[in-house]
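# Pasting a predicted model and its sequence here:
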Amino acid sequence: MRIQPREQLLDVWRALLAACWDGQHWRWGEQADTNSISDSEQLLCLLCPATEIDIFALAHPDRIQGDVAGVLEPIGKRGRLGGFVVSLLEQYLERNTDEHGEPSFAAGNYLRGEPTDGQRRIEVVTSYSMSLTVCLSGLRFLQACRAETRYGELTDRIGELRLLDERQIQLAQALRLRWELAQRYWSALARFGSGRWPLEDIPWRTSDGSESDYFSLLVSAVLVQDLTVGTASDDDLTRAVKVFEEFAARGRITRKATRDDPAVGLHTPGLRLTLCGSESVEDGPVLHWEVSDFAPTLLQQVLRAAGLSSNIDTRDTLIELAKSVMDHLDRRMLRSGADGLWDDPAGVFGDDGAPVATKPSWSITERVVECLIAAERLYREPPPQWPELQRMARNLLTIAEHSYDQTKLGVDLGDRSASLSTLDHVEARIDAARQQLHRNPATTFVHALDALRDLEQLSIARRDASRGN
């Protein structure tokens, strides 16, 4: 299916309100299931589009798009939407602050096993990172609201938000350096050697002997990030396309699952990771963590890679693969209960005995929202400027200019008929085509083609007139 970020994100918001807003109160989930990770994911489904995509911005009532206001009408009129988001941020902070006024990053019911009460309070990095994302998005939103009323334009980068003091900035820079070094290391490791890449030898095996296609997918994400900063080549990206296609096939996204297919486990219940050391808390059992976002993670990497490719065949292959993964995810959308949200693996793997889901998975829903934002970012960029297209456009423009000059030689300058007017129109098309040659050769191609079409029609009219005479 074609990925349509605007339409699909509006559908997510519509389903989000149907599941969480009763007209008076926001439903965060059952009290027994509450944790900061789920709360963060749920809130980000609304907050990320509102702060990362201009057409979904809610901070300025007079700039809210009509279709956006229509979807959010159950909340109230345009002027109430900003205050509504602020109230959700307040509730979020209150829910995830402990009795001592400290933030809580407890994993809660995201832990698998039979955790004790003490183990449920184990704080995890995922909770911290998701909470940080909420807070940064919230700050961007609040500053946009503040800028509208008092200060003018403000930026959204961490440094420009002035969130860090001098010592913290030094720490952030040191962490960034280590992050870049780790990224380069894993990218080099993924492509190590002169023959077959280790990344191409799926599944990736870790140092402790564990292996999974999901690990390979994570390593490929490092490679795509390396391409983003320009330390890997486009040839590397072209080669990585085959790896992405292999992920989709092995993950039963583009290939049908067989009965009792172990690959289904990538999606439901997901890859199970052991939380070493969890048994030391209250002498409880060893706990596990499940990650089931293989499909949206693959989609996000494919979209990012498509935006980086300067090869027309590679980009087209990646876009088609992205459509296939989106089709897979669309079939996993809930059709009952919280319909319009995710995740119901039975929509794809029902024949494998997967139970039909009716309650939303905020984890998968938020990952799909991230993918739609990535697609919007891809579409927002100027169209690719392929050398082949530029050569074709330049050749066609040269032919159009020559044909125009040739035709102009045979026209009586004292002629005030439609012929001279048509030539003036053709000249304007050629000028417009030349202006776009380096910025948008496809537009140049169209203008030049239209100019040639007009010249041909003029030539036919002149021949018909000659026969009549």
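All right, it came through fine. Numbering: from 1, shown residues only.
# switch to C-alpha atoms for all contacts and neighbour counts from now on
Will do.
# quick one: the strands in the stretch 1-150 of the chain?
Secondary structure of the stretch 1-150 of the chain (DSSP state E, counting those that start in this stretch): strands located at 111-112.
# try the stretch 251-400 of the chain
Taking DSSP E, counting those that start in this stretch, the strands of the stretch 251-400 of the chain run over residues 271-275, 287-291.
# Mean neighbour count, these: which tops it?
When the strands of the stretch 251-400 of the chain are scored by mean count of other Cα atoms under 10 Å, the highest mean neighbour count falls to strand 287-291 (a mean of 17).
# quick revisit: can you lay out the strands of the stretch 251-400 of the chain as a markdown table showing distance to residue 459 and mean pLDDT?
Below are the strands of the stretch 251-400 of the chain laid out as a markdown table (distance: least, Cα to Cα, whole Å; pLDDT from 0 to 100):
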| stretch | distance to residue 459 | mean pLDDT |
| --- | --- | --- |
| strand 271-275 | 69 | 93 |
| strand 287-291 | 67 | 94 |
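# and residue 52, which of those strands is closest to it?
Minimum separation from residue 52 across those (Cα to Cα) falls at strand 287-291, 25.4 Å.
# Who are the packing partners of that closest one?
Here strand 287-291 is seen to pack against strand 111-112, strand 271-275 when contacts are counted using 3 or more Cα pairs under 8 Å, 6 or more residues apart in numbering; DSSP states H and E.
# Turn those into TSV, columns for distance to residue 45.
Rendered in TSV, the data for these read as follows (distance: least, Cα to Cα, whole Å):
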stretch	distance to residue 45
strand 111-112	22
strand 271-275	24
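# quick one: secondary structure of residue 184?
With DSSP: H, G, I helix; E, B strand; the rest coil as the basis, the three-state label of residue 184 is helix.
# show me what contacts it?
Taking Cα atoms under 8 Å, 6 or more residues apart in numbering as the contact definition, residue 184 lies against residue 226.
# quick one: which of the helices and strands packed on strand 287-291 is nearest residue 40?
When the helices and strands packed on strand 287-291 are compared (using Cα to Cα), the closest one is strand 111-112, at 16.3 Å.
# from what I can see residue 289 touches residue 270, true?
No. Assessed by Cα atoms under 8 Å, residue 289 is found out of contact with residue 270, at 9.2 Å.
# what residues do the two have in common as contacts?
Common neighbours of residue 289 and residue 270, counting by Cα under 8 Å, 6+ apart, are absent.
# Give me the most central residue, this structure.
residue 374 (1.9 Å; Cα atoms, centre = their mean).
# Tell me how far residue 273 lies from residue 126.
Taking Cα to Cα, to the nearest Å as the measure, residue 273 and residue 126 are separated by 13 Å.
# wait, residue 302
Residue 302 is 23 Å from residue 126, by Cα to Cα.
# cool, and residue 106?
Here the distance between residue 106 and residue 126 works out to 10 Å (Cα to Cα).
# Test my guess that residue 36 contacts residue 105.
Yes. Distance between residue 36 and residue 105: 6.1 Å, which falls inside the contact criterion (Cα under 8 Å).
# which residues do these two both contact?
Residues within reach of residue 36 and of residue 105 at once, by Cα under 8 Å, 6+ apart, are 96, 127, 131.
# For the second one, give me its contacts.
Contacts were defined as Cα under 8 Å, 6+ apart; by that measure residue 127 touches 36, 37, 105, 106, 107.
# Out of these, which is nearest to residue 448?
Of all the contacts of residue 127, the one with the least separation from residue 448 (Cα to Cα) is residue 37, at 54.8 Å.
# What's the local residue count around the closest one?
When neighbours are defined as other Cα atoms under 10 Å, residue 37 has 24 of them.
# In this structure it contacts residue 133, no?
No. Residue 37 sits out of contact with residue 133 when judged by Cα under 8 Å, with a separation of 10.9 Å.
# before we move on, back to that, output the contacts of residue 127 in CSV; the columns should cover distance to residue 197 and pLDDT.
Compiled in CSV, the contacts of residue 127 are given as follows (distance: Cα to Cα, whole Å; pLDDT from 0 to 100):
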residue, distance to residue 197, pLDDT
36, 39, 88
37, 35, 93
105, 38, 91
106, 39, 90
107, 36, 89
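# Distance check, the spatially closest residue to residue 396 that is not a sequence neighbour against residue 422.
Leaving aside its sequence neighbours, residue 396 sits nearest to residue 448 (Cα to Cα, 6 or more residues apart in numbering; 6.2 Å). When distances are taken as Cα to Cα, residue 448 and residue 422 turn out to be 14 Å apart.
# before we move on, what about residue 230?
In this structure, residue 230 and residue 422 are separated by 48 Å, where distance is defined by Cα to Cα.
# So the two - more neighbours on which side?
residue 422 (16 against 11).
# who touches residue 21 in this structure?
Contacts of residue 21 were listed using Cα under 8 Å, 6+ apart, and they are residue 27.
# Count residues in the vicinity of the closest residue in space to residue 356 that isn't next to it in sequence, would you?
Distances taken as Cα to Cα, 6+ apart put residue 346 closest to residue 356, at 5.4 Å, once the chain neighbours are dropped. For residue 346, the number of neighbouring residues by other Cα under 10 Å comes to 19.
# quick one: residue 346 and residue 357 touch, right?
Yes. The pair formed by residue 346 and residue 357 meets the contact definition of Cα under 8 Å, at 7.5 Å.
# Mind listing what's buried along stretch 432-450?
For stretch 432-450, the neighbour count (16 or more other Cα atoms under 10 Å) marks 433-434, 436-437, 440-450 as buried.
# thinking again about what came up before, for residue 16, state which of the shared contacts of residue 36 and residue 105 is nearest.
Out of the shared contacts of residue 36 and residue 105, the member with the shortest distance to residue 16 (by Cα to Cα) is residue 131, at 19.5 Å.
# Distance-wise, check the nearest residue to the closest one once chain neighbours are set aside relative to residue 212.
Of all residues beyond its chain neighbours, the one nearest residue 131 is residue 40 (5.9 Å), with distances taken as Cα to Cα, 6+ apart. Look at residue 40 and residue 212: by Cα to Cα, they are 27 Å apart.
# So between the two, which is more surrounded?
The neighbour comparison of residue 40 against residue 212 (other Cα under 10 Å) goes to residue 40, with 26 against 15.
# Can you verify residue 217 is assigned to a strand?
No. Residue state for residue 217 (three-state DSSP) corresponds to helix; a strand is not indicated.
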